[in-house]
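Asks: The sequence isn't on hand, but the structure is:
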């Protein structure tokens, strides 16, 4: 949400008088994106800070407290808090099992936040939380069978089937970026070989472009050269082919109604979507290709999902396309 | 279950006096495998007939009626019927969307059987039904996160996450045999290229062995030549490599606790399991490999699953490892 829209929501809330709200943070490796979100889904306050190199839990609590003070200042009653984090997450027990970006292992983050904030707290996986948000108010509205694939520096996925997000036996499901697409393929930074994100991600694209003789460019700059740079065309075509293969794997295994693409890659627009959907269709002989669309929530999806999870932790379920009302959960 | 065991179960039932039972059929492209199954999970009667080239629904009804008469002859009260079929199945609506082996499109099989048999009827996908059975009394006892991968002439899968079997938006989920593992790879009979079962299935193994200069042998005969036939070794190694890649894809996407292998391929024993698990482990850098085990129910799994679904259609839920009791569903 832009600053102007945020201000408008704030005004509306004042006009209506104070309501309930939650505090939500999308905790990434570089930034902690926080917000106060009303029970009508409005972002009342946005507050983003860099993720520190150490003492992350303390910095996170401090951010939540500042968000809580802003909410109080607006006359809002804070009923819960939600945080979305990367890594292997045990959402049921509220534990971050492993997060390489944060150098965390078995951190009981939910209880730590609950003790500090004294409200119900939800801990969610960042991409799965983004999937929750895309389903409620984004590009996957109205379906319980979809996948969300954010493609940025790396590649992740939220896999939603029959309305539930797949978490797996240990909370490690959805590692779409690290499925092996080429046997004994190129080395991935994760230690495996032939992972999808070696070919498809922003980092992978830049590395493969440089390795093919191109200058050091960002993936955005490489995309800008398509059609006038044979090396750019070659690495991009390979990326599209591998992504089509990966999305067809998801299609044949999970039979989603829609595939939602997010992250910087999805902003390539037609240069991505036209060849990608053509390649996907060419690879499927006896079943329809699912719809492939771009994320509607973009970089706000994780934080919005954290807010929805926070309302759930408080016993409230956000409902409706426009998130105009909340009802108590049964 | 062997004939001798079937007779023993029959005797036990007579000693106890008649109970409730269901009629279950696993409908395949070549055979219709039927049984009368008691509420204690005992197979009281087995009756298998070839699947006719046409008029399959009529032959299926006839088989169910003969099973029903056998049940009545034993003094059993038949409370439901279940049928497991291949293809794309809409289990909720009871419709076979598409089954290539049976040349069926949009066949409302559940209603047809209910009208003919006058008991509640369940229609299930054959492999997903097998997964239900493996979970209740087979190799996946006690876990809600597993995959069942039967590898015979072709390759399929039942994907179970958080206790639910993934069916997808159109009932077409679980097509593990047709995920593309090699971009622009060898032609599959399904019309796609580079499908997993091109390399891994019994049919694929025999075809690739012959194409590599070997004589026309079955996959079982090819496995028997391992260690003394360089061509057999080569196509087998490729099959194991591709299967390990495919199972690692399932592992990274779904994070199962256990992978259950079924079908003729799984009977290769150590020749399969030792190199397969080694290749899987080598391909995973930062997470554990799930356990990989062989199916405990084998070729009976689909029919047993159909029986469990039939009890559910009758409002009864099979419980416990030994399926010794049934309780009413809430």
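Replies: Yep, that arrived. Predicted model, so just to flag it, every value in this text is computed and none were measured.
Asks: so residue A:59 touches residue A:31, yeah?
Replies: No: assessed by C-beta atoms under 8 Å, residue A:59 is found out of contact with residue A:31, at 11.3 Å. Using the backbone N, CA and C atoms, a C-beta is placed for each residue, glycine as well.
Asks: the more surrounded of these two?
Replies: Shown here are residue A:59 and residue A:31; by other C-beta atoms under 10 Å in any protein chain shown, residue A:59 has more neighbours (16 against 13).
Asks: Which of the helices or strands spans that one?
Replies: helix A:56-73 (DSSP states H and E).
Asks: what's the answer for residue A:273, then?
Replies: helix A:270-283.
Asks: name the helices or strands packed onto that helix?
Replies: Contact partners of helix A:270-283 among helices and strands, from 3 or more C-beta pairs under 8 Å, 6 or more residues apart in numbering or on different chains; DSSP states H and E: helix A:230-254, strand A:291-294.
Asks: about what we covered before: now for residue A:59 and residue A:31: what residues contact both?
Replies: Listed contacts common to residue A:59 and residue A:31 are A:49, A:51; contacts here mean C-beta atoms under 8 Å, 6 or more residues apart in numbering or on different chains.
Asks: So, low pLDDT: which residues of the stretch 101-250 of chain A?
Replies: The stretch 101-250 of chain A contains no residues with pLDDT under 70.
Asks: Counting neighbours, what do you get for whichever residue of it sits closest to chain B?
Replies: Relative to chain B, the nearest point of the stretch 101-250 of chain A is residue A:168 (2.4 Å; C-beta to the nearest C-beta). When counting by other C-beta under 10 Å, one arrives at 22 neighbours for residue A:168.
Asks: how near is it to residue A:292?
Replies: Distance, residue A:168 to residue A:292, using C-beta to C-beta, to the nearest Å: 24 Å.
Asks: Kindly report the same for residue A:282.
Replies: 14 Å.
Asks: With neighbour numbers in mind, choose between the two.
Replies: Taking other C-beta under 10 Å, residue A:282 and residue A:292 do not tie; residue A:292 has more neighbours (20 against 13).
Asks: Look at that one and report its pLDDT.
Replies: In this prediction, residue A:292 carries a pLDDT score of 98.
Asks: Surely residue A:114 and residue A:108 touch.
Replies: No: between residue A:114 and residue A:108 there is no contact under C-beta under 8 Å: 9.8 Å.
Asks: Those two: which has the busier surroundings?
Replies: residue A:114 (19 against 16).
Asks: so who does residue A:281 touch?
Replies: By C-beta under 8 Å, 6+ apart, the neighbours of residue A:281 are residue A:289.
Asks: ok, now with 10 Å
Replies: Counting by C-beta atoms under 10 Å, 6 or more residues apart in numbering or on different chains, residue A:281 touches A:244, A:248, A:288, A:289.
Asks: do residue A:124 as well
Replies: Residue A:124 makes contacts with A:24, A:26, A:82-85, A:89, A:91, A:94, A:110, A:130-132, A:165, A:302, A:305-306, A:308-310, A:312-313, as judged by C-beta under 10 Å, 6+ apart.
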